[in-house]
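Engineer: next comes the sequence, and after it the predicted model I'd like to discuss.
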Amino acid sequence: MNFDIDIRKTLRSGKRKFQLEVQLRSDCQRLVILGPSGSGKTQTLKAIAGLMTPCSGHVRLGGTTFFDARAGINLAPQSRQLAYLFQDYALFPHLNVRQNVGFGLARGWFNPKAREQRASVDHWLDLFQLAAVAQQFPDELSGGQRQRVALARALVAQPRALLLDEPFAALDPALRIVMRQELDALQRRLQVPMVLITHDPEDARMFGDQVLQLNEGALHAQPAP
């Protein structure tokens with residue numbers, strides 16, 4: 001079982017209350033959660049990653065328990081060994097491409113050195129065709145290059161699964177098509193289990209071995225893969 005998730009979380013903002021209740025079990029390699037803005041997609045992804053703690057339930061991936069409220073288990077995000085690709089890519093503006101990718105391997109408080117050579121970093125720079133821009137900074141890159149840097153940083157540590165938060169939303173329509181194709185080919189080659197959240201049906205069509213419909217914090221449909 002790749003994904004076994006049963007979580008509940010009550011979120012409050014002023015007088016507003018939002019109830020998130022998500023239950024899913026899936027053996028699929030490519031799981032897509034589709035829903036409009038405000039439906040609870042990002043909170044679900046954060047619960048999987050350990051960036052948000054549910055009120056109750058459990059999160060299990062590949063047979064490993066990351067969170068279990070009854071058993072008192074709540075692994076830190078770093079211990080879950082998951083790669084999280086934020087919607088805005090969250091690249092460090094003061095680090096060059098090589099340093100950003102190498103940060104996925106960093107331990108402690110020190111940033112990777114600007115010209116530090118690591119075979120694993122070189123591998124991903126070559127794979128994503130980023131070697132030529134390795135010394136450039138994020139604000140000098142195109143949208144597609146920034147996404148490739150973020151993916152390389154996410155994958156360099158050999159994660160158990162890849163979590164993608166609206167990965168194509170910041171790209172123009174033409175580039176979106178290209179990057180969908182690149183991610184599709186990459187995931188099929190690496191066979192890394194993937195959860196992708198999106199409001200775009202085209203993302204769901206291309207990546208959804210299984211597509212889950214989420215609306216107002218509740219899972220309304222779980223079609224068979």
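Structural biologist: Looks like it arrived, so ask away.
Engineer: residue boundaries of the strands in the chain?
Structural biologist: Residue ranges of the strands in the chain, as given by DSSP state E, are 3-13, 16-26, 30-34, 56-61, 64-68, 73-74, 82-85, 161-165, 194-198, 210-215, 218-221.
Engineer: just those: most buried one?
Structural biologist: Comparing the strands of the chain by mean neighbour count (mean count of other CB atoms under 10 Å), strand 194-198 ranks first with a mean of 25. Heads up, the C-betas are built off the backbone N, CA and C, glycines and all.
Engineer: for that one, packing partners?
Structural biologist: Using 3 or more CB pairs under 8 Å, 6 or more residues apart in numbering; DSSP states H and E, the elements in contact with strand 194-198 are strand 30-34, helix 41-49, strand 161-165, helix 201-207.
Engineer: swap in 6 Å and give it another go.
Structural biologist: strand 30-34, strand 161-165 (3 or more CB pairs under 6 Å, 6 or more residues apart in numbering; DSSP states H and E).
Engineer: put together a markdown table for these, with distance to M194 and mean pLDDT on each row.
Structural biologist: Below are those laid out as a markdown table (distance: least, CB to CB, whole Å; pLDDT from 0 to 100):
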| stretch | distance to M194 | mean pLDDT |
| --- | --- | --- |
| strand 30-34 | 5 | 95 |
| strand 161-165 | 5 | 95 |
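Engineer: can you redo these as CSV with distance to L155?
Structural biologist: Compiled in CSV, the helices and strands packed on strand 194-198 are given as follows (distance: least, CB to CB, whole Å):
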stretch, distance to L155
strand 30-34, 15
strand 161-165, 7
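Engineer: which other helices and strands does the lowest-mean-pLDDT helix or strand in the chain contact?
Structural biologist: None of the helices or strands of the chain scores lower by mean pLDDT, DSSP states H and E than strand 218-221, at a mean of 73. When contacts are defined as 3+ CB pairs under 6 Å, 6+ apart, strand 218-221 packs onto strand 210-215.
Engineer: which other residues reach the strand it packs on?
Structural biologist: 26, 28, 31-35, 39-41, 204, 219-222, 225 (CB atoms under 6 Å, 6 or more residues apart in numbering).
Engineer: re the thing from before, distance to G143 for the strands of the chain - can I get that in TSV?
Structural biologist: Listed next are those as TSV, based on distance: least, CB to CB, whole Å:
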stretch	distance to G143
strand 3-13	29
strand 16-26	30
strand 30-34	22
strand 56-61	30
strand 64-68	32
strand 73-74	35
strand 82-85	14
strand 161-165	15
strand 194-198	17
strand 210-215	26
strand 218-221	32
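Engineer: still on that earlier bit, nearest to C55 among the contacts of strand 210-215?
Structural biologist: Of all these, C55 sits closest to G40, with 13.5 Å by CB to CB.
Engineer: now do the same contact list for the closest one.
Structural biologist: Counted by CB under 6 Å, 6+ apart, G40 has contacts 20, 214, 217.
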